[in-house]
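Colleague: Have a look at this fold, sequence not included:
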């Protein structure tokens, strides 16, 4: 996409452009990543879903942010170049913090793997007897590193870290602020999702600084950064049906791909089913028709 703006960075699924003093333009593509690889097959409309759902969530979460003296980075999703319409966000340029802020309300994915081995997720001890899909007694903060991405379509793996590593990275006061705000945002989002018939199993947030104030950045509560399960079919003890990219991960696993060599093309039916899940998440959460 040629926007006539200087390209600042290219991530797994989006490009970041310099949009003038103190501003960036984030443009979400239709690329999809899994297991730290960008797949060769795009998902039609995926970038538009990510952008428009993020914009909606920023609006929903503004009151929670305000309680913490924080804000979000969105300036406008309308005042963007025509080529980026529907998939671009004009945002504030921030000093991003080097931590992925993960909140979990249910046990799933890598959390289940670690729990089955240690009874905890890093330094967060969990009660005995939990299984894949179990609801946790209360949401937990399980941060991870923010791994860099290369232009070759491969990223380093995000690694779960202890809270002490967050303290080392940003200081005690900021680390405690990140944990409290992450859990407050998750709790409010889970409440909203529940009202729409969706279980928000887990999600990750990224924060930056504007001066000394925390600012919620990047994308927020999308099928790329969250696990969304249909509430009506939630049943602990096995993998849950989902409205997120777990469907793609599952297909890749069944394909026999070794997660090292270049990933395979996605079949047409997998592409169509993935698009359907992303659109369903948008429409069910927002109550709006995607278009």
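Modeller: Structure's in. What do you need? Computed from a predicted structure; not experimentally measured.
Colleague: which residues does the residue nearest to residue 285 when sequence neighbours are not counted contact?
Modeller: What sits nearest to residue 285 in space, not counting adjacent residues and going by CB to CB, 6 or more residues apart in numbering, is residue 196, at 5.1 Å. Yep, even glycine has a C-beta here, placed from its N, CA and C like the rest. By CB atoms under 8 Å, 6 or more residues apart in numbering, residue 196 lies in contact with 284-285, 287.
Colleague: Quick one: low-confidence residue ranges for the stretch 51-200 of the chain.
Modeller: Residue ranges of the stretch 51-200 of the chain with pLDDT under 70: 147-157.
Colleague: need the helices for it, in chain order.
Modeller: For the stretch 51-200 of the chain, the helices defined by DSSP state H, counting those that start in this stretch occupy 110-118, 163-170, 172-195.
Colleague: The longest one: which residues count as buried?
Modeller: Buried residues in helix 172-195, counting neighbours by 16 or more other CB atoms under 10 Å, are found at 174-175, 177-179, 181-190, 192-193.
Colleague: just checking, what packs against it?
Modeller: helix 46-67, strand 99-106, strand 135-141, helix 163-170, strand 198-210, strand 213-217 (3 or more CB pairs under 8 Å, 6 or more residues apart in numbering; DSSP states H and E).
Colleague: wait, what's in contact with the residue positioned nearest the centre of the chain?
Modeller: Centroid-nearest residue in the chain: residue 225, 1.8 Å away (criterion: CA atoms, centre = their mean). Residue 225 makes contact with 203-204, 218-219, according to CB under 8 Å, 6+ apart.
Colleague: How about the contacts made by the nearest residue to it once chain neighbours are set aside?
Modeller: Using CB to CB, 6+ apart and skipping the chain neighbours, the partner closest in space to residue 225 is residue 204 (5.2 Å). Residue 204 makes contacts with 100-103, 144, 225-226, as judged by CB under 8 Å, 6+ apart.
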